[in-house]
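K.L.:
turn this into a model:
(one chain, ligands or ions: 1)
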Amino acid sequence: MNVTIDPRAGFCWGVVRTVQIAEETLRSNEGAVYVLGDIIHNPREIERLRAQGLVTIAREDIPSLPPGSKVLIRAHGEPPETYRIARQHGVEIIDATCPVVTKLQERVRKFYDLGYQIVVFGKPNHAEVVGVRGVCNDECIVVQSVGEALDRVDLRRKTVLFSQTTMDRPTFLQLRDALTERIAELVVEEMGTIATEFHAKDTICGQVAGRENDLRRFARENDVIIFVAGRRSSNGKVLFDVVRSENERSYFIEDTSELRPEWFDGAERIGITGATSTPQWYMNQVKDEIVRRFATASATQ
Ligand code: SF4
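P.N.:
Next up is the predicted model:
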């Protein structure tokens, strides 16, 4: 049995940066450092940083922190309200928002200020989308499907479509095309009396979109794929779907205890990969575990 870790798997640079900022802050700080929500959607990495003094809190906890406490904002970003509450209570913000997300927030704010109807392809309660909703005063329409967009978007208004950075590009393009088509129909139906303006801004992160082709190849090259990610990772779900569409023998695990011997029946080539929030060190552990528990059994079949 040959077990390979996907050379392109592991943290994206935005997560690497966030974890580095957290570790530097922990090193230079005497007491605890707080983070708003899980620093990344990976229980192993959360545990590792918790052992160094990183405490996960919610936004509602900020007022009860001692003044001068340090609160880290993770890669997903936060709405402006969070910064305001922190200032009010004398809490220091360590801003580790991924620059890609900051850019998305800036673009949304710009179009909002220009009076556009903002449409976001994303999950309404995902932390990144909560931040984006905050920068436009929650006056945006968050959609997850074409049907929802056609129902809810008023195409008589000038409109701009954005995407949460970790959504899948094919659906984003379907949304763009469906809205463009609907506008063309409206123009005909209303005999050119409506003033339409529509922009689609592809704000899907290159770290997610760019990985798809390599991931497809990796999935095809192996008999079995073990996909390692936190179950709450949005990017993990998207990338796992990509892997699954190429290789039916793909399995999602969060923990090595979920590995099943029957997955490896007759398999020669095992590939291990993961989301942009899956630490390299944990994939190494998964590899060791597979080799230790299943390599001999498979070799004897
Ligand atoms: S996936 Fe992209 S947007 Fe998200 S944290 Fe990583 S680099 Fe930033």
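
K.L.:
check contacts around the closest residue to the ligand within the stretch 201-301 of the chain.
P.N.:
Residue nearest to the ligand within the stretch 201-301 of the chain (C-beta to the nearest ligand atom): Cys205, separated by 3.1 Å. Where C-beta positions appear, they are placed from N, C-alpha and C, glycine not excepted. Cys205 makes contact with Cys12, Gly14, Val100, Thr165, Thr166, according to C-beta atoms under 8 Å, 6 or more residues apart in numbering.

K.L.:
which SS state does the third one fall under?
P.N.:
Using DSSP: H, G, I helix; E, B strand; the rest coil, the structure places Val100 in helix.

K.L.:
what's the distance between the residue of the stretch 201-301 of the chain closest to the ligand and Asp38?
P.N.:
Look at Cys205 and Asp38: by C-beta to C-beta, to the nearest Å, they are 19 Å apart.

K.L.:
which positions in this protein make contact with the ligand?
P.N.:
Selection of the chain residues close to the ligand by C-beta under 6 Å from any ligand atom yields 12-15, 75, 98, 100-101, 165-166, 205, 207-208, 235, 276.

K.L.:
now these: which count as buried?
P.N.:
Neighbour counting with 16 or more other C-beta atoms under 10 Å marks 12, 14-15, 75, 98, 100-101, 165-166, 205, 207-208, 235, 276 as buried within those.

K.L.:
tabulate the contacts of Cys205 (CSV), appending pLDDT.
P.N.:
As requested, the contacts of Cys205 are exported to CSV (pLDDT from 0 to 100):
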residue, pLDDT
Cys12, 88
Gly14, 93
Val100, 97
Thr165, 95
Thr166, 88
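
K.L.:
dump these to CSV, plus secondary structure.
P.N.:
Formatted as CSV, these follow (three-state DSSP):
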residue, secondary structure
Cys12, coil
Gly14, helix
Val100, helix
Thr165, coil
Thr166, coil
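
K.L.:
show me the contacts for the residue of the chain found nearest the ligand.
P.N.:
Closest to the ligand within the chain is Gly14: 2.5 Å, counting by C-beta to the nearest ligand atom. Contact analysis of Gly14 by C-beta under 8 Å, 6+ apart lists Ala75, Cys98, Pro99, Val100, Val101, Cys205, Gln207, Thr276.

K.L.:
list the contacts of the third one.
P.N.:
Taking C-beta under 8 Å, 6+ apart as the criterion, Pro99 is in contact with Gly14.

K.L.:
next one: it from Arg216, what distance?
P.N.:
Relative to Arg216, Pro99 is positioned 27 Å away (C-beta to C-beta).

K.L.:
same thing with the second one?
P.N.:
The span separating Cys98 from Arg216 equals 25 Å under the rule C-beta to C-beta.

K.L.:
which residues are contacting stretch 134-150?
P.N.:
Residues from elsewhere that reach stretch 134-150, judged by C-beta under 8 Å, 6+ apart: 78-82, 105, 108-109, 112, 117-124, 129, 132-133, 152-153, 171, 174-175, 178-179, 182.

K.L.:
so of those residues, which ones are in strands?
P.N.:
If you go by DSSP state E, those have Gln117, Ile118, Val119, Val120, Phe121 in strands.

K.L.:
gap between the closest residue to the second one other than its chain neighbours and Arg109?
P.N.:
Closest residue to Ile118 in three dimensions, ignoring its sequence neighbours and counting by C-beta to C-beta, 6 or more residues apart in numbering: Cys140, at 3.8 Å. For Cys140, the distance to Arg109 equals 11 Å [C-beta to C-beta].

K.L.:
ok, those two, which is more surrounded?
P.N.:
Cys140 (23 against 17; other C-beta atoms under 10 Å).

K.L.:
one step back: how about the buried ones among the residues of the chain next to the ligand in JSON lines, adding distance to Ile57?
P.N.:
As requested, these are exported to JSON lines (distance: C-beta to C-beta, whole Å):
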{"residue": "Cys12", "distance to Ile57": "24"}
{"residue": "Gly14", "distance to Ile57": "22"}
{"residue": "Val15", "distance to Ile57": "20"}
{"residue": "Ala75", "distance to Ile57": "17"}
{"residue": "Cys98", "distance to Ile57": "20"}
{"residue": "Val100", "distance to Ile57": "25"}
{"residue": "Val101", "distance to Ile57": "20"}
{"residue": "Thr165", "distance to Ile57": "24"}
{"residue": "Thr166", "distance to Ile57": "23"}
{"residue": "Cys205", "distance to Ile57": "26"}
{"residue": "Gln207", "distance to Ile57": "27"}
{"residue": "Val208", "distance to Ile57": "28"}
{"residue": "Asn235", "distance to Ile57": "23"}
{"residue": "Thr276", "distance to Ile57": "24"}
